[in-house]
Each structure stands twice: as structure tokens, then as C-alpha cells.
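Trainee: Sequence below, structure please.
(one chain, ligands or ions: 1)
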Amino acid sequence: MIDTKTIVAKFGGSSLASASQFEKVRAIVQSDPARRFVVASAPGKRFPEDEKVTDLLQQCYDAAICGRPFEPALARVRDRFGEIVSALGLDFPLEREIGALREHLSGIPRQSYILSRGEYLNSRILADYLGYTFVDPEWCVCFDDAGRLDAPVTRRTIHAALRPLPNAVVAGFYGADMTGQIHTFSRGGSDVTGSLVAAAIGADLYENWTDVSGLLAADPHIVKAPKTVKYVSYRELRTLSYMGASVLHTDAVLPVADMSIPINIRNTDRPGDAGTTIVRKLPKGETKYPIIGVAGRVGMSVIQVEKVMVSDESGFTAVMLDILKKRRIPFEQCLTGIDTVTVVMRSDVLAPCKQDLFAEIRQTLNPDYLGLTENLSMIAVIGERGTESCDANVRVLQALARVGMPINTINQGAGKLNLLIGVPEERYEEAIRAIYATIEEGE
Ligand code: ASP
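Mentor: As a prediction, the model looks like this:
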């Protein structure tokens, strides 16, 4: 059954940072013939203080554009690739490629072109090492004149480029517009390339190989050794990323989600770990407790507007939101109760306009009470299958009650469990730990 499948395997910078990492990647790719299409990042960090090749290329560009010497940074780029090529015993024209880069830097350098060379070179080296065809996204990842991805054209072009090939390595992170100018995605964008490739060829699975064994159920800086989430839905992932969990580029979800292709986050250093699988619909019966994770952010404020009989007045909330809209102030949540409207927003967004905003709310809505609570944190309790259990919310609130946690706001939309709870910032970590404990108990 396995050989009828097609897997797109994207390897991130840390997975391709050195010759020994290349060896692990080859073992992974060769262990399953379904891994026909590989997407590669530029070499990342080999150890915490190390520099990513993309950052070195940025230094080359910054120096060249200001007329400063770029040779020291370029030499480090050369050395990074030189080490990989020689340790793997490859016959790769590195000096010629570095010479071309030097020539470009000596002219009128273009940032996107320079930054893209990390992926270009690393993918060519990987293709040589695996014996796969190298596919340059310059010809199949298409941007418009404004530098935005042209998704429909890209899909057709990648499909046409890869269909005749038994296997290939596609460079991540960049593409080109109709005039041949190179454009890149934002940083970490090789994830997006991997997703586009998986969608274009209708892969059965998009594997994203990195240096962690998947998504954790809580921030490891707050909770000691939190467990890995086995399955997460695209929607749950969106909440987790919104709250700051970063394991995948946000734009990498949509292309595969549209086609219901699962994404499997895997660890190159621990290929035996199953990792986290991101799916449209969670498999039935996988978890007894529907809460899969807890995340949050500090630095939140809450504005409360109260007016007696406001519930009978149509348009009160709309006017409040209109004031924010006209001032282009984004908000995170809007909760309405009997005679009250509560708006949750980021404190750094509110700070510069606080006085003016409050003056306008007073003038326009003439409230009986206008209050502001600052220094709050917002906690997201994530688990789409909340409706399958009648006590998930109860357990979360009980856990908070046990530690005497004051709750400032509580918000849950209809149906699914994605509970948002506002608690004082200074007790944020304690609240996360209390909720996480229910996940461990719940299993
Ligand atoms: N090399 C690029 C970066 O460091 C893109 C990527 O790795 O996905 O951001």
C-alpha cells in the first residue's frame, strides 16, 4: 500500500545545517519510497550561537548596499556550504556559484535574489546527494508584479514540472515573477513551498521535518516537559499559532488544508517519534479528554461600556465597534452582555490612542460606566471536540478555582470548545499550569 502513496517531505534549516544532518535526511528519505518530493531550506543553526545561512546572506546584502565589504560574510557562506560538500564527497561547483553571487553583490544587489541563494545552493547539493532531480522554483513558484504569490498559476506550473519526474528536490522559500525577478516568502517560508508542492501534486501527506517532535500541549518555559499533541485540527492549529506557538509558517496551512492533505510535523533527530499530525477532522476516539492544549498571551486590556437598558437599544454594540473601525483599532474579542459591551484588545495597540478613544466613547455612547482593566493575560483552552464531553469546561474552571484564580473575562462561541479566559497577567503562568494539569489528568 505504501508505494502507491506520495509524500512531500520538507526539511527545515536545522535538518540540513551540516553534513551529518544531510546523512540523517538521506536515511529518512530512503526509508520510504513514497518520499518522492523533497523541499529544502537553507542551512540553519548547528548550535545555539551559530548563524543561519539566510542571516549571513542578509549580512552580505546589507554590506553591499551600503558600500561596505561583503567578503567576510560571503566567506562564511562559502565555508558553510564548503564543509557540507567536502564531508559528503560531492563534486559540486561551489566556487563558480559563490563567484556568481559575488558578481551580483558587486553590481546592484537585489535582496530577494541574495536571500534565495541559501535555498538554491542547499537544494542543489541535496539533489546531488540523493540522486534526485533539482527543480528550481524560479520556474514554477509564480509571483505577480506586486510580489504576491499567484496561487492558481503556481499550482498548475508545479504540477507540470513535477508530474514527469519520479522524484525531485525543490528549493524552498522563493519563486519569481513573470519578468524573472526573484521573490521570497517571509522568513520561514520554505514551509509554504512544501505546502504548495504537496497541494499541486495532490500528495497523500505533507511531512514537515524540523528539530522538535511536534506541537507541545503547553509552553515548555511554563510547564515542565509538556506532552506532544498527537493530532490537531487545522482550526486548532490556527488558535495555537495566533497565541504564539510557532512550529509552522502560518501561510503553510491553507494550500494543503484546501485539499485536506494532513501535515505531519516530525523530528529529523528522532525519526522514530510519530510527531504531530495536523488534519481537517480529528480521528474519532483518539482522546478521552477533548482539550489538546493551552496557550495564551500577556499584555491585554479590557474596555467595559455599560448603559442601562442598552440591550433594548439596537445598534449600541455596532456604534462601539464602528468607533474602533474608524480609528483602525483592531480588537481581539467583543463580548456582549445585558446592558454591557466588553472589548478585549492588546495594550500596546490601545496605549497611543487611549485618551482620544475614551473621549469619543463618552461623547458618542454616553455610557453610565466606562471602565478599563489593564495588565491582563488571555488564555486559550483549545480542543475542537469539546462538545463531545460535557465536563471539559467544568474541569478547566474547577482547576482555576482550586488555585483561587480571579477570572476577568470568559468567552466561548457556540458549539466548539475554544474557551478564552482573561486572568491577571501576574498569575498567567500559574493559570496555564493549572489548566495543563487537567490535560494530563484527562488522558
Ligand atoms: N531560509 C529561510 C529562513 O531562514 C526560509 C526557511 O528556512 O524556511 O527564514
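Trainee: Up against the ligand, what does this structure have?
Mentor: Residues of the chain lying near the ligand by Cβ under 6 Å from any ligand atom: 12-13, 41-42, 52, 54, 118, 172-173, 187-191. Yep, even glycine has a C-beta here, placed from its N, CA and C like the rest.
Trainee: show me the residues around the closest residue to the ligand within the stretch 251-400 of the chain that make contact.
Mentor: Taking Cβ to the nearest ligand atom as the measure, the stretch 251-400 of the chain has residue 252 as its residue closest to the ligand, at 9.5 Å. Shown in contact with residue 252 (Cβ atoms under 8 Å, 6 or more residues apart in numbering): 191, 192, 194, 195, 208, 263.
Trainee: Which ones among those residues map onto strands?
Mentor: Counting by DSSP state E, those place 208, 263 in strands.
Trainee: ok, and the most crowded of the contacts of residue 252?
Mentor: residue 194 (33 neighbours; other Cβ atoms under 10 Å).
Trainee: what are the phi and psi angles of the residue lying closest to that one once chain neighbours are set aside?
Mentor: Spatial nearest neighbour of residue 194, excluding adjacent residues (Cβ to Cβ, 6 or more residues apart in numbering): residue 10 at 3.1 Å. Note on residue 10: its backbone torsions stand at phi -100, psi 130 [degrees, to the nearest 10].
Trainee: who does residue 10 bridge with?
Mentor: residue 39, residue 208 (DSSP bridges).
Trainee: Correct me if wrong: it contacts residue 29.
Mentor: No: using Cβ atoms under 8 Å, residue 10 is not in contact with residue 29; the gap is 11.5 Å.
Trainee: Could you tell me which residues touch both of those two?
Mentor: residue 38.
Trainee: For those two, indicate the residue with more neighbours.
Mentor: Using other Cβ under 10 Å, the more surrounded residue of residue 10 and residue 29 is residue 10, with 29 against 22.
Trainee: residues in contact with that one?
Mentor: So residue 10 contacts 38-41, 172, 190-191, 193-194, 206-209 (Cβ under 8 Å, 6+ apart).
Trainee: Now pLDDT too, for those residues, in CSV please.
Mentor: Shown next, in CSV, are these (pLDDT from 0 to 100):
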residue, pLDDT
38, 98
39, 98
40, 98
41, 98
172, 98
190, 98
191, 97
193, 98
194, 98
206, 98
207, 98
208, 97
209, 98
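Trainee: pLDDT weak spots in the stretch 101-250 of the chain?
Mentor: For the stretch 101-250 of the chain, applying pLDDT under 70 flags no range at all.
Trainee: ok, now with 90
Mentor: 145-146, 234-248, 250 (pLDDT under 90).
Trainee: now the strands: where do they sit in it?
Mentor: Under the criterion DSSP state E, counting those that start in this stretch, strands of the stretch 101-250 of the chain are mapped to 133-135, 168-171, 174-176, 182-184, 205-210, 231-233.
Trainee: and the longest helix seen in the chain, which residues are buried?
Mentor: Criterion DSSP state H: the longest helix present in the chain is helix 111-130. Using 16 or more other Cβ atoms under 10 Å as the test for burial, helix 111-130 gives 112-130.
Trainee: Then stretch 248-263?
Mentor: 248, 249, 251, 252, 253, 255, 256, 257, 261, 262, 263.
Trainee: and what of stretch 431-443?
Mentor: 431, 432, 433, 434, 435, 436, 437, 438, 439, 442.
Trainee: What of stretch 10-29?
Mentor: For stretch 10-29, by 16+ other Cβ under 10 Å, it's 10-19, 21-22, 24-26, 28-29.
Trainee: Straight-line length of that stretch, end to end?
Mentor: Terminal residues of stretch 10-29 are spaced 10 Å apart (Cα to Cα, to the nearest Å).
Trainee: What's the separation between residue 164 and residue 37?
Mentor: Shown here: residue 164 relative to residue 37, a distance of 13 Å by Cβ to Cβ, to the nearest Å.
Trainee: So which of these two has more stuff around it?
Mentor: The residue with more neighbours, out of residue 164 and residue 37, is residue 37; 27 against 8, by other Cβ under 10 Å.
Trainee: my read: that one touches residue 8, true?
Mentor: Yes: the pair residue 37 and residue 8 passes the contact test of Cβ under 8 Å, sitting 4.7 Å apart.
Trainee: Mutual contacts of these two, please.
Mentor: 197, 198, 201, 203.
Trainee: So which of the buried residues of stretch 248-263 belong to helices?
Mentor: Using DSSP H, the buried residues of stretch 248-263 in helices are 253, 255, 256, 257.
Trainee: Which stretches in this structure count as helices?
Mentor: Assigned helices in the chain, in chain order: 19-30, 53-65, 71-87, 94-106, 111-130, 151-162, 190-200, 234-242, 253-258, 316-326, 347-350, 354-365, 392-402, 428-442 (criterion: DSSP H).
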